[in-house]
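>>> build me a model:
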Amino acid sequence: MNDSTAHTSTSDEHSPGMPFGSAHRAGSVRPQAQPWRRYVAIGDSFTEGMSDHDPDTENAYIGWADRLSALLASRVDGFQYANLAVRGRKLGAIAGEQTDQAISLRPDLVSLAGGGNDILRPRADLDALAAELEEAAAKIRATGCDVLLVTPSDPSEAPVIQRYRGRMATYSAHVWKIAQHQGCYVLNQWGFDFLKDWRMWADDRIHMTTEGHRRIALAAYAALGHDPADADWHVPLPPQPSPGRIEMIRTNALWAKEHAGPWVQRRVQGRSSGDHLSPKRPGLAPLDVPQASP
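Now for the predicted structure:
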């Protein structure tokens with residue numbers, strides 16, 4: 001493998017604080033890729049990979065970050081990857097414990113995605129969450145490491161969750177503001193119309209299917225300045241017939257019983273789906289998971 005295939009900057013040196021390359025000018029929208037070799041993913045269930053089931057390991061997931069790491073590993077020799085994300089984690093844990101652990105691994109790229117579990121709570125303070133996110137991004141950037149931030153997706157057509165659309169839009173605006181302040185890349189899920197297709201989402205309507213994670217990995221790869229071999233990742237799936245009224249009632253009732261109800265119960269009891277769980281890849285190691293390829 002040749003580093004020159006990955007590094008498209010006008011300089012052979014990676015400049016901390018300049019994620020868009022030394023040729024970046026006002027008005028430019030295309031980031032420039034770097035030959036990252038030490039990638040650490042931090043976050044919650046989204047980054048852990050739910051519900052992209054690993055066919056070889058019971059109760060384990062692959063996910064977009066694993067799939068992104070496979071793409072990045074194809075560009076350089078000696079690539080290593082860690083994933084510290086744990087389902088149910090709120091931003092405080094991600095911006096605190098996970099961020100500190102990530103920094104201790106001395107990465108050159110960190111994906112920082114979090115806040116979704118906070119936004120869905122009634123008393124969420126979006127400005128405080130944004131300040132927490134920016135502090136974490138700044139701390140990582142101060143080491144010379146690049147950061148990939150992630151916006152929420154647009155829930156405009158999602159039952160129940162759509163009532164939080166205003167909050168998610170505000171948080172997305174904060175993510176872009178932080179990216180400008182700190183010099184970060186952005187995976188802009190808000191702009192992906194294909195995520196409005198329910199075939200991209202698991203039965204719980206919160207986590208993505210394998211196809212959703214595959215497309216997000218390619219989107220992240222593009223956000224980092226690469227050209228995905230699969231150029232159609234952003235194209236919506238072919239239309240399918242809409243379910244009838246009776247089928248919708250049945251589906252919504254099943255969702256409320258199997259997913260919404262247990263979620264509310266955990267919140268009332270102060271529990272999390274990630275209680276007592278550890279990260280699936282706590283240390284940097286060569287990528288040895290062939291099924292993670294997109």
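>>> list the contacts of the residue nearest to Tyr61 when sequence neighbours are not counted.
On the basis of CB to CB, 6 or more residues apart in numbering, the spatially nearest residue to Tyr61 that is not a chain neighbour turns out to be Gly49, at 3.4 Å. To be clear about C-beta, it is placed using only N, CA and C from the backbone, and glycine gets the same treatment. By CB atoms under 8 Å, 6 or more residues apart in numbering, Gly49 lies in contact with 61-66, 85, 213, 280.
>>> can you give me the helices in the chain?
Per DSSP state H, the chain carries helices over the ranges 45-48, 64-73, 91-93, 99-104, 116-119, 126-141, 165-182, 210-223, 245-255, 261-269.
>>> what's the local residue count around the closest residue to Leu195 other than its chain neighbours?
The spatially closest residue to Leu195, leaving aside those adjacent along the chain, is Ser153, at 4.6 Å (CB to CB, 6+ apart). Applying other CB atoms under 10 Å, we find 25 residues neighbouring Ser153.
>>> and if you look at the one 3 residues further on?
Under the neighbour criterion other CB under 10 Å, Ser156 is assigned a count of 12.
>>> ok, now Asp193?
That count, for Asp193 with other CB under 10 Å as the rule, works out to 10.
>>> same question, the one 3 residues further on
Using other CB under 10 Å, Lys196 has 15 neighbouring residues.
>>> correct me if wrong: it contacts Glu157.
Yes - with contact defined as CB atoms under 8 Å, Lys196 counts as touching Glu157 (5.2 Å).
>>> could you check how far the closest residue to Leu84 other than its chain neighbours is from Met50?
Excluding the flanking residues, the one nearest Leu84 by CB to CB, 6+ apart is Pro279, at 4.4 Å. Distance, Pro279 to Met50, using CB to CB, to the nearest Å: 14 Å.
>>> kindly report the same for Gly144.
32 Å.
>>> compare those two and say which one has the larger neighbour count.
Met50 (21 against 12).
>>> what sits against the more buried one?
Met50 sits next to 61, 63, 87, 202, 207 when contact means CB under 8 Å, 6+ apart.
>>> just those residues now: which is nearest Leu187?
Closest approach to Leu187 among those (CB to CB): Gly63, at 13.3 Å.
>>> for the spatially closest residue to the closest one that is not a sequence neighbour, what are phi and psi?
For Gly63, ignoring the flanking residues on the chain, the nearest one in space by CB to CB, 6+ apart is Gly49 at 2.0 Å. Note on Gly49: its backbone torsions stand at phi 120, psi 10 [degrees, to the nearest 10].
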